[in-house]
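Undergrad: Test case, fold it:
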Amino acid sequence: PFSVRSVIMSDGSRSATPAKPTSLKTVVTAEKSTASTPAPTELDEQDSNIIVIQPGALHTVIGRSSDPLPNVISSVIARRMKQPSGNVCEPCPAPVATPAGEEEMNTEMALVRDLRGQLLPGKRTSASVPVLQEENKRNRPVKLPEHNDTQALETLESNEAVVVGVDALRLKNDHEEYQLRRPLTSNGFATYPRESDTAVHEDFVCLMRAALQSEFAISDENISQYKAIIILPDTCSRRTIKTFLELLLNNIGFSAVLVHHTSVCATFGAGVNLACVVDVGHTGFNVSCVQDGMSLRESRIFQPYGGLAVEQVLNRELQGIGVPFSTPLDTNDVYQETALRQYKEKYCRLDLDDIKRQKTLLAVRRPGHATIEYTIVIDKELGRAPFALFYPEYCSQRTDQVLVGPKDTYVDAEDAIFEDNKEVLLSADRKRAANTLANKKAKEAGLDGAPAAKASKGKGKGKGKGKAAAAKGKTSTAVKPLTIDKPSLPASALPSNLESARSSAVTSPVVGAASSPVASREPTPVVGAESKPAAPVSIVEPEPSIPKHKVEHAIKGLHQAVWDSILTCGTNAEKQSMCRAIMLTGGGSKLKDLNIMLHKQLYRSIPFVWSKVIEEVAVLERPKDMDPQLLAWKGGAIMATLTITAECWVTQADWLKFGVRAAREKLPFDW
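TA: Take a look at the predicted model:
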């Protein structure tokens, strides 16, 4: 059949012409195709003006929120110095193994376990250390000229004062006129020896400006047309957050900035609403539990060792098996540290059954110099290096850098108006809300006429007694806190309505509130009913009486830190939910078989008192098949498209007018 369609002629008139025979399926498909490719809207243009930044110790992930994948740039900067000073970054002390830690690790490596960490019969065997030492000493290092090395670094000659990113690693620095620096760590800004914090901040600003110019062609003139979302670790201090806002808004010149936590953005990127997020970085790792888009403050833990500690232990193990280094590799040297990191990513793994006796190659490359290659025979002894994440006694670190549920005591001068009167203002708000709620409940219960009835009764008896009764009525209506016995149930098991009733009864101004059902929450007696003892509230079943978990301020393994973070959650159901959704993020989490070993160690180390409560432990592997290093960035890009974040931007005008108070009021997390 033919259908008649209205066709618009060139003169604007319409004419009915028979159209070609089309089926309904063709029409629907055409409509879907036109609907699936809409014209670019204003919202899409706004998303392209939002830059999402995730700074890191080794790499900074940066990109537009509309990009499918971001750019990963090296977080290193080279500055021309007046006097030669060498390639100096933040000095990292070499780890020292304790005898107890070494013995414990050797015992664990010899045991054979199944997927759940249960012991199996037999022990792992490997070549003895003297045999490896003798073989490695026979393999002398080889110097390979640059033109014969297919992977040699391209040499860059420059006279600029500052060189940023990968170009900084390609500089020909024979006379050491450039100093290589890394201004960032896994928990904020680094510290330079013999230099102030201003130098660190200036290096970060130069790094960001160069990245914006080279990757997105954004100059200083049009930077005010862009917004920025910066993703920071959960344990960042107020001072660090304030510094990032100051640099991005005032020094770089973004029109508005939104700050959020790494763990929350990782859950957005993975598409889950709650998870225990483990962010493994280069100089440390953060553990935090996220529920409904909020990072639980008490569950935040930072341990000051990560991928760099694994490289330091690897360097020590290579020396122990007889690798003929002319001088031991220095992890403070950028080029030697890069060689160790590439060797770790290629050969180190946590599944000891996959580590076999084999010949490997370690190449140290430096621009303008010959490549030095070491042929190394390895065996299962190489597995000690990644095991340092679970046995930190093998690489002792400083306990003063551990952060557990951080309670930031830093008070900024700009925020002193609130901080100096914080308790007074908050208590006044709580009392005002409680009084309003109590008056509302009292009126509903019909108790608002009790004071008037007592006053009229006093007037009938006499003038003096009436005055006394009136005076008594006045004093009785004053706000006085009432002592209420605490219920036998724990606070976490109480329903929300009972909690609100308790808070309203504490400051109830109504006469006789202590004996009223509103205050005591006791059932009203019924005439003719048998008197029974008051039964406890059973709306929510009481949870087992397990003592509250206390987190020690000490260096702990990765699995122990995860348990400490999970067990700080409120209810048993929340703990079980977190155990089912443990998520690894960060560049350090790409270590081979890390998720398998973490799963085994978590099963082995379940605290005894919680063994009957926790039924299942699951470590998510590559959620949505994304690179763990890019997962938090993807969540930040998704967050840029949400309308709820429109109220969370700190603009330049807000920052200039209110300072830190704007961050406290607008940022989407507890300041």
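Undergrad: mind checking the end-to-end distance for stretch 60-72?
TA: 6 Å (CA to CA, to the nearest Å).
Undergrad: what does it contact?
TA: For stretch 60-72, the surrounding residues in contact (CB atoms under 8 Å, 6 or more residues apart in numbering) are 44, 47-54, 59, 73-75, 184, 207, 211, 215-216, 229, 629-630, 632-633, 636-637, 640-641. The way it works is simple: take the backbone N, C-alpha and C, and place the C-beta from them, glycine included.
Undergrad: rerun that using 6 Å as the cut-off
TA: Stretch 60-72 is contacted from outside by 47-48, 50, 52-54, 59, 73, 75, 211, 215, 633, 637, 640, using CB atoms under 6 Å, 6 or more residues apart in numbering.
Undergrad: So how do I select the buried members of the residues you listed in PyMOL?
TA: Remark: buried members of those, expressed as a PyMOL selection using 16 or more other CB atoms under 10 Å:
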select buried, resi 47+50+52+53+54+59+73+75+211+215+633+637+640
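Undergrad: which of the contacts of stretch 60-72 sit farthest apart?
TA: D47 and S75 (25.4 Å; CB to CB).
Undergrad: What ranges does the stretch 551-671 of the chain have for its helices?
TA: Secondary structure of the stretch 551-671 of the chain (DSSP state H, counting those that start in this stretch): helices at 558-566, 572-579, 594-604, 628-640, 652-658, 660-666.
Undergrad: Just the CA atoms of the fifth one, as CSV, please.
TA: As requested, C-alpha coordinates have been extracted for helix 652-658 and formatted as CSV (Å, rounded to 0.1, in the frame of the first residue of the first chain):
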residue,chain,number,x,y,z
GLN,A,652,36.5,32.6,42.4
ALA,A,653,34.0,35.2,43.8
ASP,A,654,33.1,32.9,46.7
TRP,A,655,36.7,32.2,47.5
LEU,A,656,37.7,35.8,47.4
LYS,A,657,34.8,36.8,49.6
PHE,A,658,34.5,34.0,52.1
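Undergrad: Show me where the stretch 551-671 of the chain dips below the pLDDT cut-off.
TA: Counting by pLDDT under 70, not a single residue of the stretch 551-671 of the chain qualifies.
Undergrad: Same question for the stretch 151-300 of the chain.
TA: 174-175.
Undergrad: Could you pull out the helices in it for me?
TA: Remark: helices assigned in the stretch 151-300 of the chain by DSSP H, counting those that start in this stretch are 166-169, 197-216, 238-246, 262-270.
Undergrad: winner for burial among those helices?
TA: A comparison of the helices of the stretch 151-300 of the chain by mean neighbour count, using mean count of other CB atoms under 10 Å, puts helix 262-270 on top with a mean of 26.
Undergrad: Show the secondary-structure elements that it is packed against.
TA: In this structure, helix 262-270 makes packing contacts with strand 274-280, strand 285-291, helix 628-640, judged by 3 or more CB pairs under 6 Å, 6 or more residues apart in numbering; DSSP states H and E.
Undergrad: What lies in contact with the longest one?
TA: Put plainly, it is helix 628-640. Counting by CB under 6 Å, 6+ apart, 50, 52, 54, 61, 65, 70, 229, 231, 262, 265-266, 268-269, 584-585, 587, 589, 645 sit against helix 628-640.
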